[in-house]
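Visitor: no FASTA, just this:
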């Protein structure tokens, strides 16, 4: 398997790539050197759609870092991807932080790029469909 570099490049391009075992077909997140199921080393990256449903949520009222002092409240969500359903990702829910959202609500992903940062990075955020 290649290093984590391809994952970073795909994120910067606004594509969501999830690791998959070529041997048994298991989807897994985060990136690993070995398959969690068959312990094979033949792992690939496959593009998936950044869409799913809310599996869990938490409204954050206390900043976890001084840089977030003015950002509270905000919604942190756990999203179960539409495909593959075995993968769940954490992110922020965009929009009104006081909005009412229910478990099972459909969401789509949006990439927030920070190219000027060193190193550059991208965040996957979520928005209600």
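Guide: Great, that's in hand. No experiment lies behind these values; they were computed from the predicted model shown.
Visitor: CA atoms for contacts and neighbours, from now on please.
Guide: OK.
Visitor: What residue spans form the domains of the chain?
Guide: 1-48, 49-129 (automatic domain parsing).
Visitor: Reformat those as TSV; add mean neighbour count.
Guide: Shown next, in TSV, are those (neighbours: other CA atoms under 10 Å):
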stretch	mean neighbour count
domain 1-48	15
domain 49-129	16
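Visitor: What is the end-to-end distance of stretch 66-86?
Guide: Taking CA to CA, to the nearest Å, stretch 66-86 runs 34 Å from one end to the other.
Visitor: what does stretch 32-51 give?
Guide: 23 Å.
Visitor: Adding mean pLDDT as columns, could you present the domains of the chain in TSV?
Guide: Output for the domains of the chain, formatted as TSV (pLDDT from 0 to 100):
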stretch	mean pLDDT
domain 1-48	81
domain 49-129	93
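Visitor: Break down the chain into its helices, ranges please.
Guide: 5-12 (DSSP state H).
Visitor: what's the residue closest to the geometric middle of it?
Guide: residue 89 (4.1 Å; CA atoms, centre = their mean).
Visitor: What residues does that one make contact with?
Guide: 78-81 (CA atoms under 8 Å, 6 or more residues apart in numbering).
Visitor: out of those, what pair is the most spread apart?
Guide: Among the contacts of residue 89, the pair separated by the greatest distance (CA to CA) is 78 and 81, at 9.6 Å.
Visitor: what residues are shared contacts of those two?
Guide: In contact with both residue 78 and residue 81: 88-89, using CA under 8 Å, 6+ apart.
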